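Asks: okay, here's the prediction I keep looking at, along with the sequence it came from:
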Amino acid sequence: MRNFPSRKRYMKMKKNDFSDLFYLIDRLRDPNLGCDWDISQDLETIVKFALEEVYEVVDAVETSNYLHLKEELGDLLFQIIFMCKLADEKQLFNFDEVAEGLVAKLVRRHPHVFPDGTLHSQRAKGGDGCLKHISAKWEEIKSAERVKKGQDRLLSNIPIAMPALARAEKIQKRTSGAGFDWDNVDKVLSKVKEELRELEDSMNEGARAAIEDEFGDLLFSCVNLARHLNIDSDRALRKASRKFVDRVYKVEALCEPRGLKKLASDELEMLWQKVKFDEKNVTEEY
């Protein structure tokens, strides 16, 4: 069995710790000598900046821009520590309590790694590492935690502020475990087609509220289809958007100096198809 180094050894192995960051934030928040912008922030105002940093981290990963990723992870880390500082000022909690709670939760949720429920306990070599079993146990533990918090309803604790596609997927995953699901992908695809027909019927009738309602049902069914295909619908849509943007840039380059707005629709379509054809040829070459 592998002997892991002690926590003290990990501390010695660190090139830097968080003390400089804590000192930096204390300086920024100093009411007399700090930064007016940082001093003016509170937990409510800072949330949107933390969310922006999360999206920038995602973008850096999905574009394989790892130098940028290092910078964006630093920005996200700053937001986390900043929020801990704001909470500490209100005597709600501090960074150490956040870290301690995180360690305790992850140890509790990984009994296949920490069998005695302590950070330093180790499983026997060759223990149960089946991903299906691990995922089922994870959900079981999380469900027990929700009950303990009084969030015992099936869909408790799913943030309304999540991106809509991601929230729909989370709702579907949660309800799937309770039997609210199709048993094969063909039935899901049939449901998507059914929702598309209902949207078309609403469009023919012209009632805007009904059109919006049926369009929402179609999106929800598409997320369900993506889930059954093991596709992250939010990521798939980001990739599709990025591909569209790249193609627009390429069409812009082809029509310079005239510009997009001076092209007739048939000329625009011809350039669009050329871009798609060129992309296909490059892909086939590789």
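Replies: Everything's here; your move.

Asks: packing partners for the top helix by length along the chain?
Replies: As assigned by DSSP state H, the longest helix anywhere in the chain is helix 66-89. Helix 66-89 sits against helix 19-29, helix 43-62, helix 95-109, with contacts defined as 3 or more CB pairs under 8 Å, 6 or more residues apart in numbering; DSSP states H and E. From N, CA and C alone the C-beta is placed, and that goes for glycine too.

Asks: what's the mean pLDDT across that helix?
Replies: Across helix 66-89, pLDDT averages out at 96.

Asks: and the angle from it to helix 19-29?
Replies: 60 degrees (axes from the mean of the first three to the mean of the last three CA atoms, to 10 degrees).

Asks: now helix 66-89, how far from the centre of its chain.
Replies: Averaging C-alpha positions (CA atoms, centre = their mean, to the nearest Å) puts helix 66-89 16 Å from its chain's average.

Asks: any buried residues in it, and which?
Replies: Residues 69, 72, 76, 78-79, 81-88 are the ones in helix 66-89 that count as buried (16 or more other CB atoms under 10 Å).

Asks: returning to that earlier point: can I get the helices and strands packed on helix 66-89 in JSON lines including mean pLDDT?
Replies: JSON lines is the format used below for those (pLDDT from 0 to 100):
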{"stretch": "helix 19-29", "mean pLDDT": "94"}
{"stretch": "helix 43-62", "mean pLDDT": "93"}
{"stretch": "helix 95-109", "mean pLDDT": "93"}
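
Asks: let's have those helices in TSV, adding distance to residue 153 and mean neighbour count.
Replies: Formatted as TSV, the helices and strands packed on helix 66-89 follow (distance: least, CB to CB, whole Å; neighbours: other CB atoms under 10 Å):
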stretch	distance to residue 153	mean neighbour count
helix 19-29	38	14
helix 43-62	25	14
helix 95-109	21	13
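
Asks: indicate which one of the ones you listed is closest to residue 232.
Replies: Nearest of these to residue 232, taken as CB to CB: helix 43-62 at 10.6 Å.

Asks: compute the inter-axis angle for the closest one and helix 66-89.
Replies: 160 degrees.

Asks: packing partners of helix 43-62?
Replies: helix 66-89, helix 233-254.

Asks: and stretch 113-123, what's its mean pLDDT?
Replies: 88.

Asks: any buried residues in it, and which?
Replies: 114, 123.

Asks: and the end-to-end length of that stretch?
Replies: 6 Å (CA to CA, to the nearest Å).

Asks: now find how far off-centre it is within its chain.
Replies: Distance of stretch 113-123 from its chain centroid, counting by CA atoms, centre = their mean, is 29 Å.

Asks: cool, and stretch 137-154?
Replies: Distance, centroid of stretch 137-154 to centroid of chain: 21 Å (CA atoms, centre = their mean).

Asks: can I get it in CSV, CA atoms only?
Replies: The C-alpha trace of stretch 137-154 is given here as CSV (Å, rounded to 0.1, in the frame of the first residue of the first chain):
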residue,chain,number,x,y,z
LYS,A,137,-23.1,5.9,-4.1
TRP,A,138,-22.3,9.6,-4.7
GLU,A,139,-26.0,10.4,-5.4
GLU,A,140,-27.1,8.3,-2.4
ILE,A,141,-24.8,10.3,-0.1
LYS,A,142,-25.9,13.7,-1.6
SER,A,143,-29.5,12.7,-1.2
ALA,A,144,-28.9,11.9,2.5
GLU,A,145,-27.2,15.3,2.9
ARG,A,146,-30.2,17.1,1.4
VAL,A,147,-32.6,15.3,3.7
LYS,A,148,-30.4,16.3,6.7
LYS,A,149,-30.6,19.9,5.5
GLY,A,150,-34.3,19.7,5.2
GLN,A,151,-34.1,19.7,1.4
ASP,A,152,-35.9,16.4,1.1
ARG,A,153,-38.0,17.1,-2.0
LEU,A,154,-36.7,15.4,-5.2
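
Asks: what's in contact with that stretch?
Replies: Stretch 137-154 has contacts (CB atoms under 8 Å, 6 or more residues apart in numbering) with 108-109, 111-112, 156-157, 174-175, 177-178.

Asks: go again using 7 Å as the cut-off
Replies: Stretch 137-154 is contacted from outside by 108-109, 111, 156-157, 174-175, 177-178, using CB atoms under 7 Å, 6 or more residues apart in numbering.

Asks: restricted to buried residues, select those in ChimeraX.
Replies: Only the buried entries of those go into this ChimeraX selection, using 16+ other CB under 10 Å:
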select :109,111,174
